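1. Next come a sequence and a model predicted from it.
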Amino acid sequence: MDFRVGGGFRQVMKIDVNGGVCDFVLTATYTEIIVPKRIQYLLNMGQQNARVHIDFIEEGAHTRVTLTQDGFITSEACQIVARGTNESLDQLSKLVKSPVVLSDSL
């Protein structure tokens, strides 16, 4: 990961497709980083691209994280990415002390 504007990351995820498992590769380029408030990046998924905005909002002793993904050309692509995002957040919740509360606004 190259965490700077213009830098990026590559992620390989395992995804279930038609009863089998395949690798799903994502790459991204950071377009805005405002520590500790916002991260934005362009997501490249091969034939599909999207914009991702992550905002961190202080709420007392806690932080609300709002993740918005837009620019999908099909609802199927949106659902696949939403599933992967939710699975990633489930794994994150195992690593942090506070539970991750998911809100689906599709």
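-> The structure has been received and is ready for your questions.

2. Please count neighbours and contacts with C-alpha atoms only from this point.
-> Fine.

3. could you point out the longest strand in the chain?
-> Using DSSP state E, we find that the single longest strand of the chain is strand 20-34.

4. A77 falls within a strand, correct?
-> No - A77 is assigned helix when assessed by DSSP: H, G, I helix; E, B strand; the rest coil, not a strand.

5. Tell me how far the residue nearest to it when sequence neighbours are not counted lies from Q11.
-> Nearest in space to A77, with sequence neighbours left out and distances taken as Cα to Cα, 6 or more residues apart in numbering, is Q48 at 7.7 Å. With distances taken as Cα to Cα, to the nearest Å, Q48 is found 15 Å from Q11.

6. between the two, which one's more packed in?
-> Between Q48 and Q11, counting by other Cα atoms under 10 Å, Q48 is the more crowded of the two (14 against 11).

7. wait, what's in contact with that one?
-> 72-73, 77 (Cα atoms under 8 Å, 6 or more residues apart in numbering).

8. Find the centremost residue of this structure, please.
-> T85 (5.3 Å; Cα atoms, centre = their mean).

9. can I assume that residue sits in a strand?
-> No - counting by three-state DSSP, T85 is not found in a strand; it is helix.

10. Quick one, grab the pLDDT at it.
-> With respect to pLDDT, T85 scores 82.

11. Kindly report the same for T66.
-> Per the predicted model, pLDDT is 91 at T66.

12. Pretty sure it sits in a strand.
-> Yes - the assignment for T66 is a strand, going by three-state DSSP.

13. Where does pLDDT dip in the chain?
-> 97-106 (pLDDT under 70).

14. so which of the contacts of Q48 comes closest to D55?
-> F72 (19.8 Å; Cα to Cα).
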